[in-house]
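Visitor: what follows is a predicted protein model with its sequence.
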Amino acid sequence: MYALFKVFFIKIRLGCDGLFAGEWFVIFMFAVCFLEAGCMVEFGSNEQICGNGIVEGEELCDGDDMGGETCASLGLGEGDLKCRLNCLQFDATHCTAASECGNGVLQAGEVCDGDDHGDETCVTMGYDGGELGCFSDCTSFDVSDCEGPGPVCGDGIRQGVEVCDNGVLAGETCETQGFYNGVLRCLPDCSGFDVSGCWGYCGDEIKNGEELCDGGDLGGVDCESLGFGGATPECLPDCAGYDTSGCVTWVSITGGNFNMGSEDGYTNERPVHAVTVNDFEMTESQITVKQYSRCVDREICTEPSTYHSTCNWNQSGYEKHPVNCVSWFQAGAYCSWIGGRLPSESEWEYAAKSRGQDVVYPWGNEVATCDFAVMGEVESGCGTGRTWEVCSRPLGNTEQGLCDMAGNVWEWVLDWYHINYEGAPDDGSPWEEPDGMYRVSRGGGFSNDHDYLRTTYRGFYDPALHYISRGFRCAKNTH
């Protein structure tokens, strides 16, 4: 009888008939085997194996086993920590923290960092051997201690630091480089690609490929062809569509007869008189900062005043607010640019009354509150002290869908102001004979109470001046 006695970590394979056949166990044991029993014992050392997915010995990691370490535990933010092929270094290139050159950990944006070269060596760089280094800025390898001639640019073999070599482009094409077509070439020093033979990419101001537009090249599209009014839309940054926020939406108003003014209002709202209005169109909303800016960009309109902190021009985040602090003349210039004009006072009142109905407010007779309009119910601007985005109070819309016909900003109209309606036009045209120095504005503004928001209330102001509560909308004849 023969026995072996060992006390240590071993790998043991039991080959007894039908007993634990083919199984491996790592045990701490006092091993006894009797040869007469027909057992065979194979002893092996506890050697470290990189690639078996288990951190052993001097390994920092192995496969998916990070030894408990994460991007966060290494101080590198969130992300997916991985293991290098040698099991002695972490791959932190997928961690989210900004790279810090000099910390000895290769992170996103770095080629190498200290002794961390990723999986690169002198051999993988195309040399025979030697010690690969990293330059102090972490942007490139130092191959001065590598042995052998190294890669040869121009031999048609891509190796080492070469991005490409002659016609060997590593699978890259003009398309993968962000272009639409053409011939990609390698730079003479093999350090990158020559894209001069490629053509067409989003941002080159030329509509090509599958682009709908590119910068200023809209492919002949304008606001009207997209179903809006105004001049031209803008191209989206991805060249896949249009930004129509600079366009205007026209609403058709069918003409008719109505009684203009109010016997219950102020003296300048009287006498009530019959007016016939022809079909016309009016912009759905008050003209916004964004819409007005398109006219300024083309040097047709002048910039609004910024004399007050509540003037919306050049204030970030107010692009969809009504443009205010504009004079009567500036309002007219914009409307003319988009093919329209300011509405006459009778057109304005007819539209505000949902085609001339006998109503106090655009939505009906329920008294004005912040549910219906941007106004000074308790505090100015419904608590903001200024305007809101246009069409932010849909309950206050007219039956035709015009928004903000009461509140937000007063709206300039074409007419000269007269102290009453004696002798006023009855055909829907503007009162063009002056009786003083003021033009009419309508609708009330963000600082006014319910009385000023009535459909018949008339304001009057110097047309050359700028006011924080004055804006406008446009109208045009129906063709």
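Guide: Structure received. Numbers count the residues shown, from 1 in each chain.
Visitor: quick check: the spatially closest residue to residue 363 that is not a sequence neighbour vs residue 285, distance?
Guide: In this structure, residue 363 finds its nearest non-sequential neighbour in residue 396, 5.1 Å apart by Cβ to Cβ, 6 or more residues apart in numbering. Backbone N, C-alpha and C define where each C-beta goes, glycine included. Distance, residue 396 to residue 285, by Cβ to Cβ, to the nearest Å: 12 Å.
Visitor: tell me which of these two has more neighbours.
Guide: Taking neighbours as other Cβ atoms under 10 Å, residue 396 and residue 285 compare with residue 396 leading, 27 against 23.
Visitor: picking that back up, now do the shared contacts for residue 396 and residue 285.
Guide: 403, 404 (Cβ atoms under 8 Å, 6 or more residues apart in numbering).
Visitor: on that earlier part again, the residue nearest to residue 363 against residue 359, yeah?
Guide: No: using Cβ atoms under 8 Å, residue 396 is not in contact with residue 359, being 11.9 Å away.
Visitor: all helices of the stretch 201-350 of the chain, in order?
Guide: Remark: helices assigned in the stretch 201-350 of the chain by DSSP state H, counting those that start in this stretch are 289-297, 328-337, 345-352.
Visitor: residue contacts, the residue nearest the centre of the chain?
Guide: Centroid-nearest residue in the chain: residue 237, 8.9 Å away (criterion: Cα atoms, centre = their mean). With contact taken as Cβ under 8 Å, 6+ apart, residue 237 is in contact with residue 202.
Visitor: of the helices of the stretch 201-350 of the chain, flag the one that's most buried.
Guide: Across those, the average number of neighbours (mean count of other Cβ atoms under 10 Å) peaks for helix 345-352, which reaches a mean of 26.
Visitor: after it, which helix or strand is next?
Guide: Toward the C-terminal end, the helix or strand that comes next after helix 345-352 (DSSP states H and E) is strand 410-416.
Visitor: the next helix or strand after that next one pairs with which strands, parallel or anti?
Guide: As assigned by DSSP H and E, the chain's next helix or strand after strand 410-416 is strand 439-442. Using DSSP bridges, strand 439-442 pairs in its sheet with strand 410-416 (antiparallel), strand 458-461 (antiparallel).
Visitor: can you check which of those strands gets nearest to residue 253?
Guide: In terms of Cβ to Cβ, the element of these nearest to residue 253 is strand 410-416, at 14.4 Å.
Visitor: contacting residues around that closest one?
Guide: 286, 328, 331-332, 341-345, 347-348, 430-436, 438-445, 459, 461, 463, 467, 469-473.
Visitor: quick check: closest non-adjacent residue to residue 467.
Guide: In space, and not counting its chain neighbours, residue 467 is closest to residue 461: 6.4 Å by Cβ to Cβ, 6+ apart.
Visitor: then residue 388?
Guide: Using Cβ to Cβ, 6+ apart, the closest residue to residue 388 is residue 374 (4.5 Å).
Visitor: what's around that neighbour, how many residues?
Guide: There are 30 residues near residue 374, going by other Cβ under 10 Å.
Visitor: that one and residue 406 touch, don't they?
Guide: No: Residue 374 is not in contact with residue 406 according to Cβ under 8 Å; the separation is 9.0 Å.
Visitor: ok, residue 88 to residue 148 distance?
Guide: For residue 88 relative to residue 148 (Cβ to Cβ), the value is 25 Å.
Visitor: one more: residue 258?
Guide: 95 Å.
Visitor: what about these two, which has more around it?
Guide: Neighbour tally, residue 258 and residue 148, criterion other Cβ under 10 Å: the higher count belongs to residue 258, 18 against 12.
Visitor: touching, that one and residue 352? I think so.
Guide: No: between residue 258 and residue 352 there is no contact, the gap being 10.7 Å when judged by Cβ under 8 Å.
Visitor: so what pairs up with the residue nearest to residue 467 in the strands?
Guide: As assigned using DSSP bridges, the partners bridged with residue 461 are residue 439.
Visitor: how about it, what does it touch?
Guide: 328, 410, 438, 439, 441, 467, 470.
Visitor: same deal with residue 305?
Guide: Contacts for residue 305 (Cβ under 8 Å, 6+ apart) come out as 311, 313, 325, 326, 466.
Visitor: per-residue pLDDT, it?
Guide: pLDDT, residue 305: 98.
Visitor: how close does it sit to residue 327?
Guide: Distance from residue 305 to residue 327, counting by Cβ to Cβ: 8 Å.
Visitor: between these two, which contacts overlap?
Guide: residue 466.
Visitor: and stretch 359-376, end to end?
Guide: 21 Å (Cα to Cα, to the nearest Å).
Visitor: name the residues that touch that stretch?
Guide: Against stretch 359-376 from outside (Cβ under 8 Å, 6+ apart): 352-354, 377, 381-383, 387-388, 392-393, 395-398, 402, 404-408, 444-450, 453-455.
Visitor: drop anything exposed from the residues you listed.
Guide: If you count burial by 16 or more other Cβ atoms under 10 Å, the buried members of the contacts of stretch 359-376 come out as 352-354, 377, 381-382, 387-388, 392-393, 396-398, 402, 404-408, 444-448, 450, 453-455.
Visitor: circling back to that earlier point, got JSON lines for the contacts of residue 305, with distance to residue 162 and pLDDT too?
Guide: Output for the contacts of residue 305, formatted as JSON lines (distance: Cβ to Cβ, whole Å; pLDDT from 0 to 100):
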{"residue": "311", "distance to residue 162": "59", "pLDDT": "98"}
{"residue": "313", "distance to residue 162": "54", "pLDDT": "98"}
{"residue": "325", "distance to residue 162": "61", "pLDDT": "98"}
{"residue": "326", "distance to residue 162": "61", "pLDDT": "98"}
{"residue": "466", "distance to residue 162": "64", "pLDDT": "97"}
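Visitor: narrow those residues to those that are buried.
Guide: For those, buried by 16+ other Cβ under 10 Å: 311, 313, 325, 326, 466.
Visitor: measure the third one to residue 388 for me?
Guide: Residue 325 is 16 Å from residue 388, where distance means Cβ to Cβ.
Visitor: residue 61 touches residue 85, doesn't it?
Guide: No: here residue 61 does not reach residue 85: they are 10.5 Å apart, not a contact under Cβ under 8 Å.
Visitor: these two: who's more crowded?
Guide: More crowded of residue 61 and residue 85, by other Cβ under 10 Å: residue 61, with 23 against 11.
Visitor: quick one: contacts for the more buried one?
Guide: Contacts here follow Cβ under 8 Å, 6+ apart; on that basis residue 61 touches 55, 67, 69, 83, 84, 87, 90.
Visitor: reformat these as TSV; add pLDDT and distance to residue 420.
Guide: Listed next are the contacts of residue 61 as TSV, based on pLDDT from 0 to 100; distance: Cβ to Cβ, whole Å:
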residue	pLDDT	distance to residue 420
55	90	94
67	91	90
69	91	85
83	90	88
84	86	89
87	89	94
90	87	85
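Visitor: which of those are buried? Put it as a PyMOL command.
Guide: In PyMOL, a selection of the buried entries from the contacts of residue 61 looks like this (16+ other Cβ under 10 Å):
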select buried, resi 55+69+83+84+87+90
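Visitor: what would the contacts of residue 61 look like in TSV with distance to residue 101?
Guide: Output for the contacts of residue 61, formatted as TSV (distance: Cβ to Cβ, whole Å):
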residue	distance to residue 101
55	28
67	25
69	21
83	22
84	19
87	25
90	17
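Visitor: in strands, which of the contacts of residue 61 appear?
Guide: 83, 90 (DSSP state E).
Visitor: from the contacts of residue 61, which is closest to residue 169?
Guide: residue 84 (27.8 Å).
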